[in-house]
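**Q** following is a predicted model, sequence given first.
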Amino acid sequence: MIRFSRRSGGAALLAVVCATGMAACSSTSSSSTPTTSSSSSVKSGGSLTYALDQDVAGFNQLTVADNAFVLGQMMDQVWPSVYNILPNLSLALNTNVVTSATLTSTNPQTVVYQINPKATWSDGVPISAQDFIYNWQAQSGNPAYKDVGGKAFLPAGTAGFNLIKSVTSSNNGKTATVVFSKPFGDWQSLYGAGTPMIPAHIASKVGFNTGFQTFGPAVQVSGGPYEIQSYAQGQNLIEVRNPHYWGVPGKLDKIVFRFITDDTQIPPAMQNGEVNLTNPTLASTAFKAAVLGIANTTTAVIPGLEFQHMDFNQANPYLALANVRHAIADGTNRAEMVQRIVGPLTSKIGPLQNRIFMPNQPQYQNTSGSYGQFNVSAAKTLLTQSNMTMSSDGYFHPNFGPEKGKDFTLSISTTSGVPVRAEIEQLFQADMKAIGVKINIQNYNANTLFGTVLPKGEFDIAQFAWLNGPFGSANQSLYCSYTNASLCGSNYNHYSNTQVDNLFNQAVSTVNPAQAANLYNQIDSILWKDMVTLPLFQAAQLYTWSNTYGNIIPNPSLIGVPWNAQVWGTKA
């Protein structure tokens, strides 16, 4: 699971639909149906600048601290993946990395990867079965495997890797055989599809957890078409062609990821040619209007797999009470948020009723029951039942705990510089005042929020987004019991429920997709009952790019729009 702090995806907004595919759209046009092919004729050479509204906390997206979509986009063309996720959410084997990935046995489940004989890291070390072995061990959650210095590995998630019994090498290191201790239905999610491979020979020396936190030689080792040339904090990250890449070289000489943390500054940068491509965190009506006014550009709004939500930190003694969490959910007018924020872009999105599947996935069900429905009276009743008393100032006063006798106050935190998120906080603050809860807004830059505040549990309520992949198993690290730190490293909420743990264990070991989907939806119905988090909405995902460039095809998955950056280029 990729923690997502930038953008959200929603239902399609139809403005002007291009008959011949998005890359061929006319100036200031819009499309709702991305294609999966890259067919435009483009030149070799030149550069493209992609505006991102978030910097990175570090450079190892496989760790809890660095597990952010913005970094994943940068590493798409750097670290190798066995499978790629196409814009239609299907999977494609990356034959530059492996010539085959074959399920050879179901008892025990065994997958054999034949590694491309030409596959080599940019420093000359072959990509081998040792990379498969190390990446398994680092993400297995098995305490027997240690990072540099004897410390425990801290992966963002362990789903699937924790079910591997062994990974062995043969054929001079060019065959990796993976044997599972239990069946794993989503085995294609391993070693790719958003979870790329880190170079084992580097990580084993510098450390998995911290060896990639600062820019340096370790970060520059590539197993893809591009390598990182430079990084300037708060400014940009520049990638150039990997001269040692064995496959077809990238068309562009250079891809510049430019950090513009204030979304309002991106359209002017596109207008004057400083930026050629953007995909903002949460597109506002003003942002869409601004980019549609830029000549010789294409704008597309498409459904995605991301959703905005609120996390409740149960380490807080009040949020540890289910009634208090339900009161906050009952008092949050999600429909108004959708109307105010998403409504101007599309009428096809409503309050989200599932955390694990999005409405554009066939497995999606409304699992919410009667939970989370807007009801001010019910919210006040629940707070009263939580041993709180309404004061004459309009706020509840707890009769216990650190806030005893004071206005019941909680903080909400999100990434600074995102206008739509700021609007969500303001609407939430007003909603909570109406039920007698005081809300303080305490925002952070993305590096601090995702690198420190969330992993260390230094928050009350956090508002951000999760970017789902096509695999339900990726959600396990978010909701399994926080006491299992190695498996549940992304459970920022300190949530624990053995029934959820057991259902997840069943679901990830279920090879029948329909049966697995049923189990995941059962899990989500329990998450509603416990009100672990409050899903808000699946937001519209907007892309804008200059028509000077070809083969830019939005990808709503956790791979992101750079999924095919090796074929981007200026049109011939």
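**A** That came through, no problem. Numbering: from 1, shown residues only.
**Q** buried sites along the strand ranked longest in the chain?
**A** Taking residue count as the measure and DSSP state E as the definition, the longest strand of the chain comes out as strand 98-106. Taking 16 or more other CB atoms under 10 Å as the neighbour-count basis, strand 98-106 is seen to contain the buried residues 98, 101. C-beta coordinates here come from the backbone N, C-alpha and C atoms, glycine included.
**Q** by mean pLDDT, which helix or strand of the chain comes out lowest?
**A** strand 29-31 (a mean of 35; mean pLDDT, DSSP states H and E).
**Q** now the residue lying farthest from the centre of the chain, what's its secondary structure?
**A** When each C-alpha in the chain is compared with the mean C-alpha position (CA atoms, centre = their mean), Ser392 comes out farthest, at 43.4 Å. Under DSSP: H, G, I helix; E, B strand; the rest coil, Ser392 falls in the coil class.
**Q** now His397
**A** Using three-state DSSP, the structure places His397 in strand.
**Q** surely Leu131 is within a helix?
**A** Heads up, residue 131 is Asp, not Leu. Yes: in this structure, Asp131 lies within a helix as judged by three-state DSSP.
**Q** ok, it touching Pro196?
**A** No: if you go by CB atoms under 8 Å, Asp131 and Pro196 don't touch, sitting 10.4 Å apart.
**Q** so for the two, which sits in the more crowded spot?
**A** Neighbours per residue, other CB atoms under 10 Å: of Asp131 and Pro196, the larger number sits with Asp131, 28 against 23.
**Q** check the residue farthest from the centre of the chain and give its pLDDT.
**A** Looking at Ser392, its pLDDT reads 96.
**Q** okay, now the unreliable bits of the stretch 251-400 of the chain?
**A** Across the stretch 251-400 of the chain, no stretch falls below the confidence threshold (pLDDT under 70).
**Q** in it, which spans are helices?
**A** Secondary structure of the stretch 251-400 of the chain (DSSP state H, counting those that start in this stretch): helices at 266-271, 285-292, 322-330, 334-337, 376-385.
**Q** okay if I get those helices as JSON lines plus distance to Val97?
**A** Written out in JSON lines, the entries for the helices of the stretch 251-400 of the chain read as follows (distance: least, CB to CB, whole Å):
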{"stretch": "helix 266-271", "distance to Val97": "33"}
{"stretch": "helix 285-292", "distance to Val97": "35"}
{"stretch": "helix 322-330", "distance to Val97": "43"}
{"stretch": "helix 334-337", "distance to Val97": "42"}
{"stretch": "helix 376-385", "distance to Val97": "52"}
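**Q** quick one on the thing from earlier: now for the longest strand of the chain, which elements pack on it?
**A** strand 109-115 (3 or more CB pairs under 8 Å, 6 or more residues apart in numbering; DSSP states H and E).
**Q** out of the helices of the stretch 251-400 of the chain, nearest to Val56?
**A** With respect to Val56, and counting by CB to CB, the nearest of the helices of the stretch 251-400 of the chain is helix 266-271 at 17.8 Å.
**Q** mind listing what's buried along that closest one?
**A** Buried residues in helix 266-271 (16+ other CB under 10 Å): 266-267, 269-270.
**Q** out of those, which two sit at the greatest distance?
**A** Based on CB to CB, the longest span within those runs between Pro267 and Ala269 and measures 7.2 Å.
**Q** what is in contact with those two at once?
**A** Shared contacts of Pro267 and Ala269, defined by CB atoms under 8 Å, 6 or more residues apart in numbering, are absent.
**Q** any weak-confidence spans in the stretch 401-550 of the chain?
**A** When residues are selected by pLDDT under 70, those of the stretch 401-550 of the chain lie in 486.
**Q** the same query, at a cut-off of 90, please.
**A** When the per-residue scores of the stretch 401-550 of the chain are filtered using pLDDT under 90, the ranges that remain are 417-420, 446-447, 450-451, 465, 467-471, 473-474, 477, 482-490, 538-542.
**Q** and the strands in it?
**A** Along the stretch 401-550 of the chain, the segments classed as strands by DSSP state E, counting those that start in this stretch run 409-413, 438-441, 461-467, 533-537, 541-546, 549-550.
**Q** and the last one, what does it pack onto?
**A** Secondary-structure packing of strand 549-550 (3+ CB pairs under 8 Å, 6+ apart): strand 569-570.
**Q** report all helices and strands that the strand it packs on contacts.
**A** strand 549-550.
**Q** hang on, the earlier thing: tell me which strands the longest strand of the chain pairs with, and in which orientation.
**A** Within its sheet, and counting by DSSP bridges, strand 98-106 is paired with strand 109-115 (antiparallel).
**Q** hmm, who's touching the strand it pairs with?
**A** Around strand 109-115, the neighbours that count as contacts under CB under 8 Å, 6+ apart are 82, 97-104, 127-129, 132, 171, 173-180, 182-184, 187, 191.
**Q** stretch 134-151 now?
**A** Contacts made with stretch 134-151 from outside it, assessed by CB under 8 Å, 6+ apart, are listed as 62, 152-155, 157-158, 161-162, 164, 167, 178, 191, 195, 197-198, 200, 203-209, 211, 484, 486-487.
**Q** and it, end to end?
**A** 15 Å (CA to CA, to the nearest Å).
**Q** pull out the buried positions in it.
**A** Residues of stretch 134-151 classed as buried by neighbour count (16+ other CB under 10 Å): 134-142, 145, 147.
**Q** quick one: the longest strand of the chain to chain centroid distance?
**A** 27 Å (CA atoms, centre = their mean, to the nearest Å).
**Q** now do stretch 430-450
**A** For stretch 430-450, the gap between its own C-alpha mean and the chain's C-alpha mean amounts to 22 Å (CA atoms, centre = their mean).
**Q** kindly check the end-to-end length of that stretch for me.
**A** Stretch 430-450 has an end-to-end distance of 26 Å (criterion: CA to CA).
**Q** when you give positions from now on, start the count at 27
**A** New numbering, starting at 27: the last item is stretch 456-476.
**Q** now stretch 185-198: buried residues?
**A** Of the residues in stretch 185-198, those buried by neighbour count under the rule 16+ other CB under 10 Å are 185-190, 193, 195.
**Q** just name the most buried of the helices of the stretch 277-426 of the chain.
**A** Between the helices of the stretch 277-426 of the chain, helix 348-356 has the highest mean count of neighbours, a mean of 24, where neighbours are mean count of other CB atoms under 10 Å.
**Q** just checking, what packs against that helix?
**A** Helices and strands in packing contact with helix 348-356 are listed as strand 332-338, helix 402-411, helix 445-461; criterion 3+ CB pairs under 8 Å, 6+ apart.
**Q** please redo it, this time with the cut-off set to 6 Å
**A** Packed against helix 348-356, as judged by 3 or more CB pairs under 6 Å, 6 or more residues apart in numbering; DSSP states H and E, are the following elements: helix 402-411.
**Q** what does the helix it packs on contact?
**A** 349, 352-353, 356-357, 422, 460-461 (CB atoms under 6 Å, 6 or more residues apart in numbering).
**Q** could you rerun that using 10 Å?
**A** For helix 402-411, contacts defined as CB atoms under 10 Å, 6 or more residues apart in numbering pick out 344, 347-359, 396, 401, 414-416, 422, 424, 434, 457-458, 460-463.
**Q** the helices of the stretch 277-426 of the chain: which one's closest to Ile549?
**A** Comparison of these against Ile549 by CB to CB identifies helix 348-356 as nearest, at 16.7 Å.
**Q** now Gly477: closest residue in space that isn't a chain neighbour?
**A** Distances taken as CB to CB, 6 or more residues apart in numbering place Ala83 nearest to Gly477, at 3.5 Å, with adjacent residues excluded.
**Q** with Pro293 instead?
**A** With CB to CB, 6+ apart, the residue lying closest to Pro293 is Ala316, at 3.7 Å.
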